[in-house]
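1. Below is the structure, and that's it, no one-letter string:
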């Protein structure tokens, strides 16, 4: 209950999860994340046996915190949070398109380069993409960390990123974090390809991050883009970086129409697996 009290709003009834079409899904938004983090932190300290005199639920007094970078003296530190490996966060973000996590990851990246705003973090990202990956930043336009409305990138820029990631020390963790066709993440329900015995072997051999751009329209919604980008471990034994862009689909009635495009892309991906 403390999570709800600390600045959240919960749906009044459960709805069916749109991808799995099963299990109740109760969405809620954390409207005051610093207050929520404060509550969770206090609860974690108490569960670890640390006495905390502060109220569990209360606005976070950010002004009372030490200056950024000042740290805490060793004799006053009572607890320290050690993060999970970043690969765990990357896996969560990429498997299910966790957009809030993607935005947060960009801000955390910016902090490592002295950036403390989204705009400054985006500038730092562009510098790294150009210097480390040799990507022409004119071929992309990012507005946040999650590929929000207005974000764009050419297929050439995406493929360059995928190709050069293979030489990075973090590639194994990155590759493992991508959804697998017909197995997990946002590709777990993409299984229509398996109805063809000649394509069934593609299961788990395609790893791709999905991207969906839906725009409101006077009569409903428009599916502007649906994409896959990742790797195919082809039937021939070779690994390919690939992208699959479906643009300007048009008006849709709901999630089922989006999933229909997912299935088509899954079949195309399986055909590539077989042919390459």
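-> Noted; the coordinates are in hand. These figures come from a predicted structure and were not determined experimentally.
2. roughly how far apart are the residue of the chain positioned farthest from its centre and residue 42?
-> In terms of distance from the mean C-alpha position of the chain, residue 75 ranks first, at 38.6 Å (Cα atoms, centre = their mean). Noted for residue 75: a distance of 22 Å to residue 42, by Cβ to Cβ, to the nearest Å. Just so you know, the C-beta spots here come from the backbone N, C-alpha and C atoms, and that holds for glycine as well.
3. what's the answer for residue 237, then?
-> The gap separating residue 237 from residue 42 is 54 Å, by Cβ to Cβ.
4. more crowded one of these two?
-> Neighbour totals were compared for residue 237 and residue 42, and residue 42 leads with 20 against 7 (other Cβ atoms under 10 Å).
5. you'd agree the more buried one is in a helix?
-> Yes. The assignment for residue 42 (DSSP: H, G, I helix; E, B strand; the rest coil) places it in a helix.
6. Assess the claim that it and residue 56 are in contact.
-> Yes. Assessed by Cβ atoms under 8 Å, residue 42 is found in contact with residue 56 at 5.4 Å.
7. what's near enough to touch residue 166?
-> Each residue near residue 166 by Cβ atoms under 8 Å, 6 or more residues apart in numbering is listed here: residue 241.
8. If we use 10 Å, what do you get?
-> 174-175, 231, 239, 241 (Cβ atoms under 10 Å, 6 or more residues apart in numbering).
9. Just the buried residues of the residues you listed.
-> Buried by 16 or more other Cβ atoms under 10 Å: 174, 231, 241, out of these.
10. If we go by neighbour counts, what in stretch 65-77 is buried?
-> Buried residues in stretch 65-77, counted by 16+ other Cβ under 10 Å: none are found.
11. Stretch 229-244 now?
-> Across stretch 229-244, burial judged by 16+ other Cβ under 10 Å covers 229-235, 240-244.
12. Check these and tell me the two furthest apart.
-> Farthest pair in these (Cβ to Cβ) is 229 and 235. Separation: 20.4 Å.
13. re earlier: from residue 266, how far off is the residue farthest from the centre of the chain?
-> Separation of residue 75 from residue 266 (Cβ to Cβ) stands at 58 Å.
14. cool, and residue 184?
-> Here residue 184 is placed at a distance of 14 Å from residue 266 (Cβ to Cβ).
15. Which residue of those two possesses the greater neighbour count?
-> More crowded of residue 184 and residue 266, by other Cβ under 10 Å: residue 266, with 26 against 15.
16. element containing the more buried one?
-> Using DSSP states H and E, the element containing residue 266 is helix 255-275.
17. hang on, isn't residue 273 packed against residue 205?
-> Yes. Using Cβ atoms under 10 Å, residue 273 makes contact with residue 205 at a distance of 5.5 Å.
18. okay, and the common contacts of these two?
-> 181, 232-235.
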